[in-house]
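Asker: fold the stuff below for me.
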Amino acid sequence: MKKFDPTAYIAGLNIDVMRFGLTAISDLLLRLGNPQNSYKTLLIAGTNGKGSTAAMTASILHSAGYKTGLYTSPHLVDVRERIKINEKEISRNDFSQIIATVKKAIKQPATYFEVLTAAALLYFQRRKIDIAVLEVGLGGRLDATNVCRPLVAVITNIGFDHTTYLGNSLTAIAGEKAGIIKQRGVCVTAAKQKKVLEVLETVCHRNKARLYRLGKDIKIKRQKDGLVTYSGLYGRLDNLTVPLPGSHQLDNAALALAALEIAGLKGFPVDVAAIASGLRNTKWEARLEVLSHRPLFVADGAHNPAGMSVLCRSLKNDFTYRRLILIFSALADKDYRKMIQKIAPLAERIILTQLQTGRAVPVSNIYEYVKKIGYKAVITENVTKSVELALELAGEEDMICAAGSLYLIGELKQAFPEPASYDKKPTVCKSGVFQHPAQLK
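Answerer: As a prediction, the model looks like this:
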């Protein structure tokens, strides 16, 4: 009998097929014994920043001594990146066994994301974790992760993305993401738009849930020495380190800390030392991730207009460099035009490349649009060639930034298999984020 190959099985499921509805995943989990009910969860949704928020939350819980599961998406290189316990990826052997078990329980066609979600929830049960931090895949209300009843629902922010599935207005998108707010639950958000807040407040009122807002109920600011002060729901913390680069990561850190304050009242207290240590040691790839220092080579997962706005703000405010060389590509269902509009004015050279996935927009389409709005670009046949060209063009004081798609960063990281060498000179960063080069991972 041919040995079961979990990687081939997963690859055989169409990653692009999305199903909105909880019937299939609920039925599958019922057949697996409803593993998600055997531990507590925190659920994190939002247009951008949810992965970083999840990573910080999980790192602090782990530092506090809790056996912590972390489920995120998408992966960059290996699908096992999505499923971690105490920051360690699921082993190949465990992954094979879990996927085989899930496959046997399937009685109706399941999507790629449903299979992986069920696998993560089952793996966490088998490993007897204390708590899981789950990142919503798409939307919230009908996302496969929404089978859980979280201690806290976090909605990082809301912008335009996946409009084909979530709606063409901010209120429609907010309504979908607000679907993770449970009866008598708690929601924490950094959303600021009036219409979005009205939706969240309406859902919370209907569900008799509490809503806490960044800027109103919780606050965070950078100190003069580059460290951070957090003013929370029940106290204040000074001299914290947020190692993930970019001022927007302060918002994500504040949401993580607020969620943990609430979780602390529900059986998961976290002391100050664990908060400081867990936050300081958070690692999260493809978020202004430094791959080399001279020239400075940064990979960022910005893949929608809102994320690109945040990236552009960081490029202007958080870094010092001579010229910016941009490597860009995108998926066809993303608004690459608006992304290009935002970042092209910052770049002296633009390198466009074709991604391997069938979901990618043809690079010729991007090229024509770049030319149409008055900028010049060159096309490379693949990501490796784009990296080679960028490094050839860049001087030691220049910056290379790759952005536009997490698929791009996944392919890019295979061209950079080794982590950045930290014995080089530290990167210059105006905001003081990069005080410790060893944290740039």
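
Asker: burial measure for the closest residue in space to residue 289 that isn't next to it in sequence, as a count.
Answerer: Distances taken as Cβ to Cβ, 6 or more residues apart in numbering put residue 299 closest to residue 289, at 4.8 Å, once the chain neighbours are dropped. Every C-beta, even on glycine, is put in place using the N, C-alpha and C of the backbone. Applying other Cβ atoms under 10 Å, we find 24 other residues in the vicinity of residue 299.

Asker: same check on residue 396?
Answerer: Residues near residue 396, counting by other Cβ under 10 Å, number 10.

Asker: now do residue 103
Answerer: By the criterion of other Cβ under 10 Å, residue 103 has 16 neighbours.

Asker: and the pLDDT for it?
Answerer: pLDDT for residue 103: 96.

Asker: residues contacting it?
Answerer: If you count contacts by Cβ atoms under 8 Å, 6 or more residues apart in numbering, residue 103 has them with 4, 9, 115.

Asker: helix or strand for it, just tell me which one.
Answerer: If you go by DSSP states H and E, residue 103 is part of helix 92-105.

Asker: need the next SSE after that helix, C-terminal direction.
Answerer: Taking DSSP H and E as the definition, the helix or strand right after helix 92-105 is helix 112-126.

Asker: with just CA atoms, put that next one into CSV.
Answerer: What follows is helix 112-126 as a C-alpha-only set of coordinates in CSV (Å, rounded to 0.1, in the frame of the first residue of the first chain):
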residue,chain,number,x,y,z
TYR,A,112,-7.7,23.5,2.1
PHE,A,113,-8.3,25.9,5.0
GLU,A,114,-10.9,23.7,6.7
VAL,A,115,-8.6,20.7,6.7
LEU,A,116,-5.7,22.7,8.2
THR,A,117,-7.9,24.4,10.7
ALA,A,118,-9.3,21.0,11.9
ALA,A,119,-5.7,19.7,12.0
ALA,A,120,-4.5,22.5,14.1
LEU,A,121,-7.4,22.3,16.6
LEU,A,122,-6.9,18.5,16.9
TYR,A,123,-3.2,18.7,17.3
PHE,A,124,-3.6,21.3,20.1
GLN,A,125,-6.0,18.9,21.9
ARG,A,126,-3.6,15.9,21.5
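
Asker: relative to helix 92-105, how tilted is it?
Answerer: Counting by axes from the mean of the first three to the mean of the last three Cα atoms, to 10 degrees, helix 112-126 lies at 110 degrees to helix 92-105.

Asker: what helices and strands are in contact with helix 112-126?
Answerer: helix 6-12, helix 23-31, strand 68-71, strand 83-85, helix 92-105, strand 131-135 (3 or more Cβ pairs under 8 Å, 6 or more residues apart in numbering; DSSP states H and E).

Asker: contacting residues around the residue nearest to residue 289?
Answerer: Residue 299 makes contact with 285, 286, 289, 291, 401, 402, 403, 409, 412, 413, according to Cβ under 8 Å, 6+ apart.

Asker: and the protein, what are its domains?
Answerer: As assigned by automatic domain parsing, the chain contains the domains 6-280, 289-439.

Asker: lowest-confidence stretch among these?
Answerer: Lowest mean pLDDT within those: domain 289-439, a mean of 86.

Asker: that domain: how far from the chain's middle?
Answerer: Distance of domain 289-439 from the chain centroid (Cα atoms, centre = their mean, to the nearest Å) equals 17 Å.

Asker: does residue 160 really touch residue 306, like I thought?
Answerer: Yes - the criterion here is Cβ atoms under 8 Å, and residue 160 meets it with residue 306 at 6.8 Å.

Asker: those two: which is more packed in?
Answerer: Set residue 160 next to residue 306 and count neighbours by other Cβ under 10 Å: residue 306 wins out with 22 against 17.

Asker: could you look up the SS state of residue 290?
Answerer: With DSSP: H, G, I helix; E, B strand; the rest coil as the basis, residue 290 sits in strand.
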